[in-house]
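# turn this into a structure:
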Amino acid sequence: MTHILLIFDAQSMLTLEDDQPAVLLVENINHGKWNPPPPATQLLENLKENCLRAVMLGNWVIVSLEEPQEHPHASLPMDIALTRREKEVLELLSQGLTSKQIGTQLSLSLRTVNMHIANLKKKLKAETNAQSVGRATALGYCRPHMRKRGN
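Okay, the predicted model is just below:
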């Protein structure tokens, strides 16, 4: 089951579920071939299909109505040089660990972990940790992880 977060604007969003795999769903949305389930159908009926943009984050698909000025990865070189430690921090970040947990696991201070995260954000042109992980995953620096739900 793929979870969809449909973001209309800064104050309005809707969560949906779909049986399609996340990768296929993103492709269909970005190519204007997605048939959204109700109630999204009614909310999106007045919009052009080509103004929907989707990215995948784990088993979540984030869909935005805003047409980006450029493709989010278009300005990123394919060979961003990450240090060994930045790759280790990125991998743990992609698993959902906090800075404190990363520091404990790698025997680093919180300040050092935050410095590595700041360097990753700068290199990947990201504003948030999630953007860093998403862009790094798209570039092949880490694998997407799916968290298991607690019972």
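# and stretch 116-132, how far out from the chain's middle?
Chain-centre distance of stretch 116-132: 12 Å, with CA atoms, centre = their mean, to the nearest Å.
# okay, E86 and Q11: tell me how far apart.
Noted for E86: a distance of 35 Å to Q11, by CB to CB, to the nearest Å. (Glycine included, C-beta is placed from N, CA and C.)
# for this protein, which segments are assigned as strands?
2-7, 13-18, 53-57, 60-64 (DSSP state E).
# reformat those as TSV; add mean pLDDT.
As requested, these are arranged in TSV below (pLDDT from 0 to 100):
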stretch	mean pLDDT
strand 2-7	85
strand 13-18	85
strand 53-57	83
strand 60-64	85
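# V26 is nearest to which of these?
Shortest distance between V26 and the strands of the chain, using CB to CB, is found for strand 53-57: 4.5 Å.
# now do that closest one: which elements does it pack against?
helix 22-30, strand 60-64, helix 129-138 (3 or more CB pairs under 8 Å, 6 or more residues apart in numbering; DSSP states H and E).
# so how far is the worst-scoring helix or strand of the chain on mean pLDDT off the chain centroid?
Of all regular secondary-structure elements in the chain, judged by mean pLDDT, DSSP states H and E, the least confident is helix 40-44 with a mean of 74. Taking the mean C-alpha point of helix 40-44 and that of its whole chain, the gap between them comes to 23 Å (CA atoms, centre = their mean).
# and it, what's buried?
Within helix 40-44, the residues that qualify as buried by neighbour count (16 or more other CB atoms under 10 Å) are 40, 44.
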